[in-house]
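Q: only the shape, not the letters, is given here:
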């Protein structure tokens with residue numbers, strides 16, 4: 001498999017630290033509210049990376065954190081008059097609910113920053129002892145210039161960064177508000193403010209800096225060198241750049257061999273923003289669309305490409321996914337019919353000669369920097385192949401082989417279910433639909449075609465599509 005490495009700006013063959021194993025760290029959300037549709041993209045993309053590596057035989061240690069101490073969490077807690085822990089715990093639960101709806105599997109470990117404070121204090125002390133950090137009045141700063149490779153991920157020149165900060169730094173130093181040795185130095189530990197959560201440390205009561213949290217949690221749960229570190233491209237600088245600096249300065253070894261970053265998600269070609277009124281949570285979207293449609297939409301573009309979210313595009317994804325589900329439903333119907341037929345010679349030939357070609361092309365797409373867009377195109381071709389190659393006379397054994405392959409590629413790897421959401425239709429709705437279908441069947445037998453058409457139109461108005469087949473009337477949610 002080849003991965004586009006942000007560090008080198010080129011595709012590289014994936015070679016893990018330990019053969020057959022893969023340690024992946026993905027920056028998770030700050031839990032002060034429901035996750036938004038932008039948060040969902042890296043969750044879905046890198047869950048798919050994990051699934052694909054496992055499908056290829058890797059033992060994957062997948063770690064994704066929850067940032068549960070942050071200014072935004074504290075602000076919300078103050079607004080609601082509750083402890084910040086109550087806010088973070090509530091929205092961790094809500095996040096996990098949304099992840100489950102999107103079929104994002106739980107990480108091997110979901111560390112929480114507040115539970116790892118002793119290890120963070122230990123890393124800060126290591127950096128001070130090695131001359132990479134210093135304390136001023138309870139704040140500990142990282143000495144950015146002490147790390148020669150600073151800027152290697154974002155490809156920024158440290159002198160250009162300094163010039164960009166010069167005016168601001170001069171103003172702060174004149175007013176006495178800045179105690180840093182260098183304007184580029186960043187915070188590892190910050191002193192407490194009244195009303196904020198805090199932890200005891202050698203430098204006084206306080207809490208860790210955001211960048212430090214991920215460095216410590218990834219080291220604890222994966223090791224000193226990660227195989228892959230991933231997240232949204234907005235995290236490249238300064239977050240991931242600072243992670244590299246403090247981790248490599250403390251551990252004296254490469255922090256991560258590969259860096260993967262997904263592109264931005266826009267809403268109707270504009271940046272998502274509450275002020276623009278185009279800010280949508282996953283919960284908002286999933287009230288209107290099946291979460292599987294949302295997942296399908298997210299994987300319909302190569303992960304590094306920008307992705308535009310709009311009503312038209314999500315509707316297109318809904319229709320496209322329906323084609324795959326219809327193909328799977330047809331195969332499932334033949335399997336369940338269980339006609340007991342032996343595989344014909346032609347069916348054996350198709351399974352041995354033609355079916356493997358689709359699997360090979362799917363793998364090739366995924367091996368090319370996780371190109372899910374091309375992989376989905378292969379699945380569409382596989383569905384066309386199964387539709388053309390099966391009918392009511394096909395053996396159930398043949399249909400099962402086809403279905404199992406489609407299931408593996410779509411459900412196991414891409415995380416896209418081959419069955420429609422059971423929650424899409426309630427039990428009461430099912431009873432009403434079945435009653436109307438029975439009335440329509442009776443009307444047709446009595447040659448009352450006007451009433452039969454009227455019932456079909458009524459069902460259509462309910463969002464139900466019916467199909468007359470040899471096996472009887474089939475229906476589905478539109």
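A: Nice, I can see it. Everything quoted here is computed from the prediction, not taken from an experiment. Residues are numbered from 1 along each chain as shown.
Q: CA only for contacts and neighbour counts going forward, please
A: OK.
Q: quick one: residues contacting the closest residue to residue 130 other than its chain neighbours.
A: Counting by CA to CA, 6 or more residues apart in numbering, residue 130 lies nearest to residue 250, which is 7.7 Å off, once chain neighbours are set aside. Shown in contact with residue 250 (CA atoms under 8 Å, 6 or more residues apart in numbering): 123, 126-127, 130.
Q: go with 10 Å
A: Going by CA atoms under 10 Å, 6 or more residues apart in numbering, residue 250 touches 123-130, 132, 215, 224, 244.
Q: likewise for residue 151?
A: 7, 144, 157-158, 161, 236-238, 240-242, 244-245.
Q: gap between it and residue 220?
A: Residue 151 sits 25 Å away from residue 220, going by CA to CA, to the nearest Å.
Q: any stretches of the stretch 51-200 of the chain with poor pLDDT?
A: Within the stretch 51-200 of the chain, the stretches with pLDDT under 70 are 163-177.
Q: 80 - rerun?
A: Applying pLDDT under 80 to the stretch 51-200 of the chain picks out residues 162-178.
Q: and the helices in it?
A: For the stretch 51-200 of the chain, the helices defined by DSSP state H, counting those that start in this stretch occupy 71-80, 84-101, 117-129, 158-175.
Q: could you dump those into CSV with distance to residue 333 and mean neighbour count added?
A: Formatted as CSV, the helices of the stretch 51-200 of the chain follow (distance: least, CA to CA, whole Å; neighbours: other CA atoms under 10 Å):
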stretch, distance to residue 333, mean neighbour count
helix 71-80, 50, 16
helix 84-101, 26, 18
helix 117-129, 55, 19
helix 158-175, 62, 13
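Q: quick revisit: my guess is the residue nearest to residue 130 is in a helix, correct?
A: Yes. Under DSSP: H, G, I helix; E, B strand; the rest coil, residue 250 sits within a helix.
Q: just the pLDDT for it.
A: Per-residue confidence at residue 250 stands at 98 (pLDDT).
Q: state the distance from it to residue 147.
A: Residue 250 sits 10 Å away from residue 147, going by CA to CA.
Q: what touches both of these two?
A: With contacts defined as CA under 10 Å, 6+ apart, the residues shared by residue 250 and residue 147 are 132, 244.
Q: who's in contact with the closest residue in space to residue 188 that isn't next to it in sequence?
A: Once flanking residues are discounted, residue 188 sits nearest to residue 209: 4.7 Å by CA to CA, 6+ apart. Counting by CA under 10 Å, 6+ apart, residue 209 touches 69-70, 120, 139-141, 186-190.
Q: tell me the SS of residue 474?
A: Residue 474 - assigned by three-state DSSP - is strand.
Q: meant to ask about residue 418, not that
A: In three-state terms, and counting by three-state DSSP, residue 418 is coil.
Q: next: residue 260.
A: Following three-state DSSP, the label given to residue 260 is strand.
Q: got a list of what it touches?
A: When contacts are counted by CA under 10 Å, 6+ apart, residue 260 touches 3-7, 26, 42, 46, 228-233, 236, 303-304, 369.
Q: can you list which of those are found in strands?
A: With strands taken from DSSP state E, the overlap with the contacts of residue 260 comprises 3-5, 26, 228-232.
Q: now list the buried members of those.
A: Among the ones in strands among the contacts of residue 260, those scoring as buried are 3-5, 26, 228-232 (criterion: 16 or more other CA atoms under 10 Å).
Q: circling back to that earlier point, tell me the one of the contacts of residue 151 nearest residue 465?
A: Closest approach between these and residue 465, by CA to CA: residue 236, at 46.7 Å.
Q: and the closest one, how many neighbours?
A: 22 (other CA atoms under 10 Å).
Q: what's the closest non-adjacent residue to it?
A: Closest to residue 236 by CA to CA, 6+ apart is residue 154, at 6.0 Å.
Q: in TSV: the helices of the stretch 51-200 of the chain, plus distance to residue 254.
A: TSV is the format used below for the helices of the stretch 51-200 of the chain (distance: least, CA to CA, whole Å):
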stretch	distance to residue 254
helix 71-80	30
helix 84-101	31
helix 117-129	16
helix 158-175	20
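Q: any idea which of these gets closest to residue 363?
A: helix 84-101 (25.5 Å).
Q: relative to the whole chain's centre, how far out is the closest one?
A: A distance of 16 Å separates the centroid of the chain from that of helix 84-101, by CA atoms, centre = their mean, to the nearest Å.
Q: about what we covered before: report the two of the contacts of residue 209 separated the most.
A: Farthest pair in the contacts of residue 209 (CA to CA) is 69 and 141. Separation: 18.8 Å.
Q: residue 47 contacts residue 416, doesn't it?
A: No. The criterion here is CA atoms under 10 Å, and residue 47 misses it with residue 416 at 11.7 Å.
Q: between these two, which one's more packed in?
A: Shown here are residue 47 and residue 416; by other CA under 10 Å, residue 416 has more neighbours (25 against 21).
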